[in-house]
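S.K.: turn this into a model:
(one chain, ligands or ions: 1)
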Amino acid sequence: MVHDGNDHREIIPVNYTLLISELQINRKMKEIGEKIREDFKGEKPILIGVLNGAFLFLADLIRYIDMDLEIDFIRISSYGNDHESSGHIKVLKPLNADIKDRSVIVIEDIVDSGLSIQFLERMLSAFRPKKLSFATLLHKPSKTKTDITLDYVGFEVEDKYVVGYGLDDQQLKRNLRNIYIIKP
Ligand code: IMP
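M.R.: Prediction:
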């Protein structure tokens, strides 16, 4: 989103390298937002943000979708403070919305192993939505072990840990407006 604040100089460590700028993120969201509007014409989809990482992407993306829609959030855990998926996923905050017979778009920050998306696909399908789609801002295709179809992908990134714009480094740095790679 447009801002006139500072550029977070105080909290960007020297080993962070810029990967995707705020401008690139906003352009991509506009594209995805328009596509979603086309794809769900005449409907009122429910967008489900996966906490914590997707909170910014969901908040900004919906401002690019010119149609009536609902939002909800789900929180799942798998990573703790590690950079590798444990594969043991728990629901920490369930959905509030009734998604039966509704068009649902799950909004993720990043798909890495794909285990979280696979878990969500199985869990949400059980509620019998009319349609279940997946949008992710980032995708690491070289790491993904599952074959879930991603309907909307912002950027494909290489297998490096990325931070900023909702993505954390040990729970910090989610407030950075750009996305960075951490140099080893
Ligand atoms: P997956 O289950 O391995 O696909 O991982 C999905 C979740 O892991 C994402 O929603 C993120 O919360 C987290 N994650 C994976 N890779 C990164 C990264 O590079 N930076 C920050 N979080 C990540």
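S.K.: residues in the chain within reach of the ligand, list them.
M.R.: 50, 53, 78-79, 85, 108-116, 161-163, 167 (Cβ under 6 Å from any ligand atom). All C-beta spots, glycine's among them, are computed from the backbone N, C-alpha and C.
S.K.: just the buried ones from those residues, in PyMOL syntax?
M.R.: Typed into PyMOL, the next command selects the buried ones out of the residues of the chain next to the ligand (criterion: 16 or more other Cβ atoms under 10 Å):
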select buried, resi 50+53+78+85+108+109+110+111+112+113+114+115+116+162+163+167
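S.K.: inside strands: which ones of the residues of the chain next to the ligand?
M.R.: Judged by DSSP state E, strands contain the following of the residues of the chain next to the ligand: V50, E108, D109, I110, V111, V162, V163.
S.K.: in contact with the nearest residue to G114 once chain neighbours are set aside, which residues?
M.R.: Spatial nearest neighbour of G114, excluding adjacent residues (Cβ to Cβ, 6 or more residues apart in numbering): T146 at 3.5 Å. With contact taken as Cβ atoms under 8 Å, 6 or more residues apart in numbering, T146 is in contact with S113, G114, L115, I117, Q118.
S.K.: need those in CSV with pLDDT, can you?
M.R.: Below are those laid out as CSV (pLDDT from 0 to 100):
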residue, pLDDT
S113, 93
G114, 95
L115, 94
I117, 96
Q118, 95
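S.K.: state the three-state secondary structure for R37.
M.R.: At R37 the chain is in helix, as set by DSSP: H, G, I helix; E, B strand; the rest coil.
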